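J.: quick one, structure for this:
(one chain, ligands or ions: 2)
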Amino acid sequence: MKNVLEQIESCTECEVCMEVCPTYQITGEELFSPMYRLQTVREVLEDGEVSAQMVESLYNCPKCMVCETICPMEIEITQVVDAGRRGLVERDLGPLERGTKIIDQIFEKGNAVNGDPSKRLEWLPEEFPRKESETLLYLGCLPSYLVKDAATSSYLVLKRLGIDFMILEDEGCCGTYVYEAGNVDLARELFQKNVDRFRGLGIKRLIVPCNGCLKCFKWFYPEVLGEFPFQISHMVEVIYEALRENRSLLQKVTRTLIYQDPCRLARGEKMTEEPRELLAWCGAEVRDTELSREQAPCCGSGGGIRSLYRDLSTEMASRLLKMAPGEIVVSPCPFCTFQLRSTSKAKEIGKEVVYFSKIVLDSLKD
Ligand code: SF4
Ligand code: SF4
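T.: Ligands and ions are numbered 1, 2, ... in the order given. You can find the predicted model right below:
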């Protein structure tokens, strides 16, 4: 990570980022734009005066990274925001009350969505397989409790493709919310517990259906612990690799699907074409949202903002759904799936939102 204050200093105040920032576009508040967020972080880190609205500006950024694609100075704005959130926690100005509640739930219940741990495996279509493997399918909180079809279809696709893996009965939480709230000491505790557990089980590789877990394991764990000694893959990569030379396993189901690029996969991992190819192998005519790939709109669920700023978050999801030229939207992120599904229902937008592995499952021949 580049030096935060040097990055802030390198801002030329060209304002280019303000044109693309969804929180600024929706609210019209300059403070809620990338350029002003940088200035806020400087105040936070240099013990300056920090107003309640400045605190809000750091917690209402979904860390969509659109600003980073356009900044001519290549400032890693979301990492600066993270540093600002850590600074707020150090100054006792963060996390916000609602964020603290969620962190407490994570430590009490082992998940970030207030799920009942005794119901964690409700998505599992068979008896819990008491099986060891060097590969762990780590489902994550959203698929386990709120987007169960993502968990079930991911599990079944891996099995049908003959991939060896295990799952955990009491999986716990990757801790991304704790890190994103700026509470690095608590995040470190949770991260270390997970790493020790995976190591003790002889795990060498993790497969994750969720982009939040992916980012957390791949980027936040090494940053905080200095290591993440396991290979990590997203479901898209694993399925893509397994089917690339075996497309005859799929039968084509003709339909039109709108592919949604999640921020963390499209901008974060630059993974835009593989999921589209996969859907096409399944027989779909794949269409894009009005803005797509690097320019794709944020669904409004990232960075912890869905639980803190629901109206803002819902407005982002509504905008995205209205950019989809068709009825069925396919997402490779369970959090985007959940957010877009609930927004489509609440705002009566009339879109069906499907997690991508369900499409693959429907196309796999018996
Ligand atoms: S990450 Fe997204 S919401 Fe946050 S400042 Fe950048 S463009 Fe705005
Ligand atoms: S685009 Fe980059 S350099 Fe320009 S104002 Fe935004 S953060 Fe500063």
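J.: count the neighbours of the residue nearest to Phe228 when sequence neighbours are not counted for me.
T.: Once flanking residues are discounted, Phe228 sits nearest to Tyr221: 3.9 Å by CB to CB, 6 or more residues apart in numbering. For glycine as for every other residue, the C-beta is placed from the backbone atoms N, C-alpha and C. Using other CB atoms under 10 Å, Tyr221 has 26 neighbouring residues.
J.: now the chain, which segments are flagged as low pLDDT?
T.: For the chain, applying pLDDT under 70 flags the ranges 1-2.
J.: residues from it in reach of ligand 1?
T.: 20-23, 34, 37, 61-67, 77-78 (CB under 6 Å from any ligand atom).
J.: which of the residues you listed tops the neighbour count?
T.: Most surrounded of these: other CB under 10 Å gives Cys61, at 29 neighbours.
J.: could I get the contacting residues of it?
T.: Counting by CB atoms under 8 Å, 6 or more residues apart in numbering, Cys61 touches 23, 32, 37, 78, 81, 303, 305.
J.: likewise Gln192?
T.: By CB under 8 Å, 6+ apart, the neighbours of Gln192 are Leu225.
J.: roughly how far does it sit from Arg120?
T.: 22 Å (CB to CB, to the nearest Å).
J.: ok, Leu279 next?
T.: On the measure of CB to CB, Leu279 and Arg120 end up 29 Å apart.
J.: surely Cys174 is in a helix?
T.: No: read with DSSP: H, G, I helix; E, B strand; the rest coil, Cys174 is coil and lies in no helix.
J.: hmm, it is touching Val195, no?
T.: No: counting by CB atoms under 8 Å, Val195 is not a contact partner of Cys174; they are 10.9 Å apart.
J.: ok, those two, which is more surrounded?
T.: Cys174 (28 against 18).
J.: which SSE is Leu190 in?
T.: helix 184-200 (DSSP states H and E).
J.: show the contacting residues for Gly303.
T.: Contacts of Gly303 by CB under 8 Å, 6+ apart are 59, 61-64, 78, 81, 180.
J.: with Trp123 instead?
T.: So, once contact is read as CB under 8 Å, 6+ apart, Trp123 ends up touching 139, 143-144, 148-149, 151-152, 155.
J.: quick one: secondary structure of it?
T.: Per three-state DSSP, Trp123 ends up coil.
J.: ramachandran angles for it?
T.: With angles defined as degrees, to the nearest 10, Trp123 sits at phi -70, psi -20.
J.: distance of it from ligand 2?
T.: Relative to ligand 2, Trp123 is positioned 41 Å away (CB to the nearest ligand atom, to the nearest Å).
J.: where does the protein come near ligand 2, residue by residue?
T.: 11-17, 34-35, 38, 71-73, 75, 77.
J.: from what I can see Arg98 touches Tyr309, true?
T.: No: using CB under 8 Å, Arg98 is not in contact with Tyr309; the gap is 9.6 Å.
J.: so Arg319 touches Pro297, yeah?
T.: Yes: using CB under 8 Å, Arg319 makes contact with Pro297 at a distance of 5.9 Å.
J.: looking at those two, which has the bigger crowd around it?
T.: Neighbour count, other CB under 10 Å: between Arg319 and Pro297, Pro297 has more, with 24 against 20.
J.: so what's that one up against?
T.: Per CB under 8 Å, 6+ apart, neighbours of Pro297: 22, 289, 291, 316, 319-320, 323.
J.: same check, this time on Val236
T.: 265, 271, 274-275, 278, 332, 356.
J.: Glu74 too?
T.: Glu68.
J.: measure it to Cys14 for me?
T.: Separation of Glu74 from Cys14 (CB to CB) stands at 13 Å.
J.: just give me the neighbour total for Tyr155.
T.: Tyr155 has 23 nearby residues by other CB under 10 Å.
J.: quick check, Val286 in a strand?
T.: Yes: read with three-state DSSP, Val286 is one of the residues of a strand.
J.: checking the residue in the stretch 201-350 of the chain positioned nearest to ligand 1 next. Helix, strand or coil?
T.: Across the stretch 201-350 of the chain, the shortest distance to ligand 1 (CB to the nearest ligand atom) belongs to Cys298, at 6.3 Å. Here Cys298 is recorded as coil under three-state DSSP.
J.: how about it, nearest residue that isn't a chain neighbour?
T.: Cys64 (3.6 Å).
J.: report the contact partners of the one you found.
T.: By CB under 8 Å, 6+ apart, the contact list for Cys64 reads 22, 263, 267, 298, 302-303.
J.: which one of these is nearest Met54?
T.: Gly303 (16.2 Å; CB to CB).
J.: how near is the closest one to ligand 2?
T.: Following CB to the nearest ligand atom, the distance that separates Gly303 from ligand 2 is 17 Å.
J.: which element is Val354 on?
T.: strand 352-355.
J.: what sits up against the very next helix or strand once past that strand?
T.: Sequence order places helix 356-363 as the next helix or strand after strand 352-355, per DSSP H and E. Helix 356-363 is contacted from outside by 149-150, 153-154, 156-157, 160, 209, 235-236, 239, 243, 250-253, 257, 275, 278-279, 281-284, 330-332, using CB under 8 Å, 6+ apart.
J.: keep only those of those residues that are in strands.
T.: 257, 284, 330-331 (DSSP state E).
J.: name the member of those residues with the most neighbours.
T.: Ser331 (27 neighbours).
J.: so Leu340 sits right up against Tyr355, yeah?
T.: No: look at Leu340 against Tyr355 with CB under 8 Å: they stay out of range, at 10.6 Å.
J.: what is in contact with these two at once?
T.: Counting by CB under 8 Å, 6+ apart, the shared contacts of Leu340 and Tyr355 are Ser331.
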